[in-house]
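Peer 1: show me how the following folds:
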Amino acid sequence: MELLNSLWQVLVAVSGLLNVLLALLLPWMPLFAWVAFWLLAVNWKQLYPVLQRGGWIGVVLTMLVAIFAWTAIAIPAGGQHHLFGLHVDNMFGKTVYVCGLTMIAFLCGTFQLSGGCDRWLRFEPEAANSEAPGQSH
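Peer 2: Numbering: from 1, shown residues only. Okay, the predicted model is just below:
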């Protein structure tokens, strides 16, 4: 009986530990998903040349749209953000957040291009097509 009581106490302690860990990690899950997507789901070897040829303009425009939309939709309490002890207005705070998320995405790309996660990634090369698109006979 004492063994069952001890096992029950261990089970209760483990469940309490899991609850604390879940409460600690749950607010960070969107950031973990963001990093996992840009690190593991995006083929930066194909994306980087597109960005060099002018695709960065689309990234900047998407950032601007995200900033303006997020500014209008989610106004912080008091109308100001508290960043590193500074009180900044809504637009500037959202700009900092969007630029930070974009830089995290680019850092994930840099890490992937440096070969830091090659053991986890297996992007299949596209099949070489003998005909150019739109040139059917």
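Peer 1: just the strands from the protein, written as ranges.
Peer 2: All strands of the chain, identified by DSSP state E, fall at 80-83, 86-89.
Peer 1: what's the least confident stretch among those strands?
Peer 2: Mean pLDDT is lowest for strand 80-83 out of those, coming in at a mean of 83.
Peer 1: what comes up buried for that strand?
Peer 2: By neighbour count on 16 or more other CB atoms under 10 Å, the buried set for strand 80-83 is His81. C-beta here means a position set from N, CA and C on the backbone, and glycine is covered the same way.
Peer 1: sheet-wise, list the partners of that strand with their directions.
Peer 2: If you go by DSSP bridges, strand 80-83 pairs up with strand 86-89 (antiparallel).
Peer 1: buried set for the strand it pairs with?
Peer 2: Residues of strand 86-89 classed as buried by neighbour count (16+ other CB under 10 Å): Val88.
Peer 1: CA atoms only: put that strand into CSV for me.
Peer 2: The C-alpha trace of strand 86-89 is given here as CSV (Å, rounded to 0.1, in the frame of the first residue of the first chain):
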residue,chain,number,x,y,z
LEU,A,86,10.9,52.6,-23.2
HIS,A,87,7.3,53.7,-23.8
VAL,A,88,6.8,53.9,-27.6
ASP,A,89,3.7,54.5,-29.6
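Peer 1: for Leu86, see how far away the residue lying closest to Leu47 once chain neighbours are set aside is.
Peer 2: Leaving out its chain neighbours, the residue that sits closest to Leu47 by CB to CB, 6 or more residues apart in numbering is Gly109, at 7.0 Å. From Gly109 across to Leu86, the span is 29 Å (CB to CB, to the nearest Å).
Peer 1: report the mean confidence score over stretch 47-63.
Peer 2: For stretch 47-63, the per-residue pLDDT averages 94.
Peer 1: name the residues of that stretch that come out as buried.
Peer 2: Using 16+ other CB under 10 Å as the test for burial, stretch 47-63 gives Tyr48.
Peer 1: gap between the two ends of it?
Peer 2: 17 Å (CA to CA, to the nearest Å).
Peer 1: so what touches that stretch?
Peer 2: 98-99, 102, 109, 113 (CB atoms under 8 Å, 6 or more residues apart in numbering).
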